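Chemist: Sharing a model that was predicted from the sequence below.
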Amino acid sequence: MYLSLIEVLLPLLLVVLITLPLIKVFRGKVTVQSAKRRLLTHIAGFFTVIVGVFVLQMFISPQIYAAEGDPVSIVGTFAQGLGFLSAALATGMSALGAGIAVAAAAPAAIGAFSENEKNFGKSLIFVALGEGVAIYGLLISILIINNLG
């Protein structure tokens, strides 16, 4: 199954339109007020594109009806897309949470280790617990993706 030209170009166009307001912000050539306005434009554009894609998908996607006793397949449907999105969110949000946890625990562990070398094992446990959150999110993503096919 090959993608048509519009199925390739439309997402690329949407990504370019979403990122356009932030180009000057990244270059550092704007004032604080202008940067805030550009960031709000970026956020509004992002959520507008997301809502538009969901609405467009509901009207375009074919309805799949199964006969009595036939197994229902979600391959290539809106439900499968939402499943992949949920798997991505599970991984992304758990990695974000793990990053926040490690950002708080690692400096404290280094400080405790620098004061007393016997604190290395105890402080390493707290850093590893923060990393465990990301592993749990990855595990949930794998379980979600296994149930999609």
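Modeler: Sure thing, it's come through.

Chemist: Could I get the full set of helices for this structure?
Modeler: Assigned by DSSP state H, the helices in the chain fall at 5-19, 23-27, 32-60, 78-115, 120-148.

Chemist: got a markdown table for those helices, with mean neighbour count and mean pLDDT too?
Modeler: Backbone N, C-alpha and C define where each C-beta goes, glycine included. A markdown table is the format used below for the helices of the chain (neighbours: other Cβ atoms under 10 Å; pLDDT from 0 to 100):
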| stretch | mean neighbour count | mean pLDDT |
| --- | --- | --- |
| helix 5-19 | 12 | 80 |
| helix 23-27 | 12 | 79 |
| helix 32-60 | 12 | 82 |
| helix 78-115 | 15 | 89 |
| helix 120-148 | 14 | 90 |
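
Chemist: Look up how far Ala88 lies from Gly97.
Modeler: Using Cβ to Cβ, to the nearest Å, we find Gly97 at a distance of 15 Å from Ala88.

Chemist: Kindly report the same for Leu10.
Modeler: Distance, Leu10 to Ala88, using Cβ to Cβ: 20 Å.
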